[in-house]
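1. Quick one: sequence and predicted model below, then my questions.
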Amino acid sequence: MTYEVVIGVEVHAQLRTTSKMFCGCSTTFGASPNSQTCPVCLGLPGSLPVINRAAVEMAVRAGLALNCRINPLNRFARKNYFYPDLPKGYQISQYESPICEQGWVVVTVGSAKKSIRIRRAHLEEDAGKTVHEVGASGSIVDFNRAGTPLLEIVTEPDMRSADEVVSYLKTLRDILMYLDVCDGNMEQGSFRCEPNLSLRPHGAETFGTKVELKNINSFKYVKDAIDYEIKRQTKVLNEGGMVRQETRLWNLERGETVVMRSKEEAHDYRYFPDPDLVPLQLEKDWIERIRATLPELPAAKAARFIRDYGLPEYDAMVLTASRGLADYFERCVTLFGQPKTVSNWVMGELSRELNVAGIDAAYSPLSPERLVELLRLVEQGTISLKVAREIFPELYKSGETAEQLVHEKGLTQVSDEETIGALVDQVVADHAVQVAQFRQGKHQVLGFLVGQVMKASGGKANPGKVNELLKRKLTSSAQ
């Protein structure tokens, strides 16, 4: 039997606040264990939570960008369960009245576009972190992360393949990073995804039993884990077995999913309104003021780049994946009005250096002004394109201007006709065989002759001028 794959995704996006969801402790990543805690996030008796206004605003911004309805009245609830890294014995979350509901986002898979519905996006606090050290007799707990504000974004079961899930996650991550509400770092856990996957016979309307996948910290592993789980569930069903509702971890070393625990239902958590937090009332005018501050989002920006700059769709998608890269590109185009040339350099040489350094274009040591200076030197014929590419890594790292580097290294391109003409004469005299072949119609040898002139000039001759003078010399002599 063949099956249809049905996938919904939960994403926990850590909001970029400086303090936690219900207290003033820092959210900075990497601090020494248990150094960023207080009675509130440790759940000590008598401590009371206070809602972080910045987290609420970020949640509203994200909800508006995801086309959600923002609920003016929403409340916090206690989600009750026991785990060593949950100091209160419950997690403050939202259940019946989430802050955002019924949104959607359009994703691209290959050449096709698809709308993925957002069921809800709600605020909650994170738990701590349990650390299992190899060889230790027990585990240790770091509560620094406890109380960190999260926005949990839950889709409808609209996805039908691993590729659709990856496209959705990349699109969502780009939107949240454009809004500056989440840094999108999957390795540090600030963007965590949990696909929920089930299979059903093709044509069936009822859903199969779903399995939740955890412990996935890259888009590649998302695809690998889903593809493995599809094969596993297919095998179970075809052998007459039943898929169990459970949570499974992705085991990178073994390349498979393994059972973590049975999957809970909502009623297992015994949700009830948090008595320490009154319902949160959002004013309509405040929501609309936030809406007015939303930036141009990736999809709209890509469409504008195609329309206004005449860029191919591929270039537009690459350039707009990062807000910093898109802003860098546009600043360069403002200074140097050749969008495609700028696109080639930003996607090529610049992005390569940024990737090696592991930084966004917003923090590039090479400013748009210095890159444009290099492009102008090529356009003016001062240096060749080859030379520009060769000196780019040093330009990126050194802090010097392109003109300074070219001058120091003596790389100025020679365009003087008299100088190049003398080199052309010498090459023609030294390569009579190739010259004769050219005049007999074998014009492909022109490339060889151009190479000889460039070699004789130490690579400094203007290639265009070399081509022009060689052709003139060869045809005039033939006549």
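-> It's in.

2. And the contacts of stretch 85-95?
-> By CB atoms under 8 Å, 6 or more residues apart in numbering, the surrounding residues in contact with stretch 85-95 are 21-22, 41-43, 49, 74-82, 122-125, 127-130, 141-143, 146, 152, 266, 271, 274, 277. In this view, the C-beta of every residue, glycine as well, is placed from N, C-alpha and C.

3. now it, how far from the chain's geometric center?
-> 30 Å (CA atoms, centre = their mean, to the nearest Å).

4. So which of the contacts of stretch 85-95 sit within strands?
-> Within those, residues falling in strands by DSSP state E are 74, 77-80, 122-125, 129-130, 141-142, 152.

5. hmm, which of the residues you listed are the buried ones?
-> N74, A77, R78, K79, H122, L123, E124, E125, V141, D142, E152 (16 or more other CB atoms under 10 Å).

6. Would you reformat those residues as TSV and include distance to K220 and pLDDT?
-> Shown next, in TSV, are these (distance: CB to CB, whole Å; pLDDT from 0 to 100):
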residue	distance to K220	pLDDT
N74	36	90
A77	35	95
R78	37	95
K79	31	94
H122	28	97
L123	30	97
E124	28	97
E125	30	96
V141	30	93
D142	27	94
E152	23	97
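
7. Just the buried positions in the helix or strand of the chain with the lowest mean pLDDT, please.
-> Ranked by mean pLDDT, DSSP states H and E, the weakest helix or strand in the chain is helix 463-478, scoring a mean of 76. Within helix 463-478, the residues scored as buried using 16+ other CB under 10 Å are P463, K465, V466, L469, L470, K471, K473, L474.

8. hang on, isn't the fourth one packed against E417?
-> Think L469. Yes: look at L469 against E417 with CB atoms under 8 Å: they come within range, at 6.7 Å.

9. what is the rounded mean pLDDT of the helix or strand where Y314 lies?
-> Element membership of Y314 [criterion: DSSP states H and E] is helix 313-320. What helix 313-320 shows for mean pLDDT is 95.

10. chain center to it, what's the gap?
-> Using CA atoms, centre = their mean, the offset of helix 313-320 from its chain centre is 13 Å.

11. One more: stretch 40-49?
-> 36 Å.

12. Kindly check the end-to-end length of that stretch for me.
-> 6 Å (CA to CA, to the nearest Å).

13. partner residues bridging I153?
-> Bridge pairing for I153 (DSSP bridges) gives the partners V11, A121.

14. any idea how far V6 is from it?
-> 18 Å (CB to CB, to the nearest Å).

15. Tell me which of these two has more neighbours.
-> I153 (26 against 18; other CB atoms under 10 Å).

16. which ones are touching the more buried one?
-> E10, V11, A13, A62, L66, I118, R120, A121, L172.

17. what does G128 give?
-> When contacts are counted by CB under 8 Å, 6+ apart, G128 touches D85, L86, P87, V141, D142, F143, N144, R145, A146.

18. Nearest residue to it in space, please, no chain neighbours.
-> Using CB to CB, 6 or more residues apart in numbering and skipping residues adjacent in sequence, the residue nearest G128 is D85, 3.6 Å away.

19. mind giving me JSON lines with the ones in strands among the contacts of stretch 85-95 and columns for distance to A300?
-> What follows is these, written out as JSON lines (distance: CB to CB, whole Å):
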{"residue": "N74", "distance to A300": "28"}
{"residue": "A77", "distance to A300": "35"}
{"residue": "R78", "distance to A300": "39"}
{"residue": "K79", "distance to A300": "36"}
{"residue": "N80", "distance to A300": "42"}
{"residue": "H122", "distance to A300": "26"}
{"residue": "L123", "distance to A300": "26"}
{"residue": "E124", "distance to A300": "30"}
{"residue": "E125", "distance to A300": "33"}
{"residue": "K129", "distance to A300": "37"}
{"residue": "T130", "distance to A300": "42"}
{"residue": "V141", "distance to A300": "44"}
{"residue": "D142", "distance to A300": "40"}
{"residue": "E152", "distance to A300": "26"}
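
20. Roughly how far does the residue nearest to the spatial centre of the chain sit from R323?
-> Geometric centre of the chain, nearest residue: D174, 5.5 Å, by CA atoms, centre = their mean. Taking CB to CB as the measure, D174 falls 8 Å from R323.

21. Tell me the one of the buried ones among the ones in strands among the contacts of stretch 85-95 nearest V107?
-> Of all those, V107 sits closest to E152, with 19.3 Å by CB to CB.

22. tell me the contacts of that closest one?
-> For E152, counting by CB under 8 Å, 6+ apart, the contacting residues are E10, V11, H12, A13, S93, A121, H122, L123, E124.

23. Please report phi then psi for R232.
-> phi -60, psi -50 (degrees, to the nearest 10).

24. Can you give me the neighbour number for it?
-> Residues lying near R232 (other CB under 10 Å) number 17.

25. With adjacent residues omitted, what lies nearest to it?
-> Looking at R232 with CB to CB, 6+ apart, the closest residue is T257, at 6.7 Å.

26. re earlier: can you tell me the SS state at the residue nearest to G128?
-> Following DSSP: H, G, I helix; E, B strand; the rest coil, the label given to D85 is coil.

27. Next, it: phi, psi?
-> phi -90, psi 10.

28. And G30, by the same measure?
-> Note on G30: backbone dihedrals following degrees, to the nearest 10 are phi 90, psi 0.

29. per-residue confidence for it?
-> 88.

30. That one: neighbour count?
-> 6.

31. gap between it and N185?
-> In terms of CB to CB, G30 sits 11 Å off from N185.

32. One more: R270?
-> 33 Å.

33. Ok, A136 next?
-> Taken as CB to CB, the span from A136 to N185 is 27 Å.

34. So if I had to pick from the two, which one is more boxed in?
-> A direct count of neighbours by other CB under 10 Å for A136 and N185 places N185 higher, at 14 against 9.

35. what's the nearest residue to that one if we skip its chain neighbours?
-> Leaving aside its chain neighbours, N185 sits nearest to F191 (6.4 Å; criterion: CB to CB, 6+ apart).

36. who's in contact with the one you found?
-> Applying CB under 8 Å, 6+ apart to F191 gives the contacts V11, H12, A13, Q14, R173, L176, C182, D183, G184, N185.
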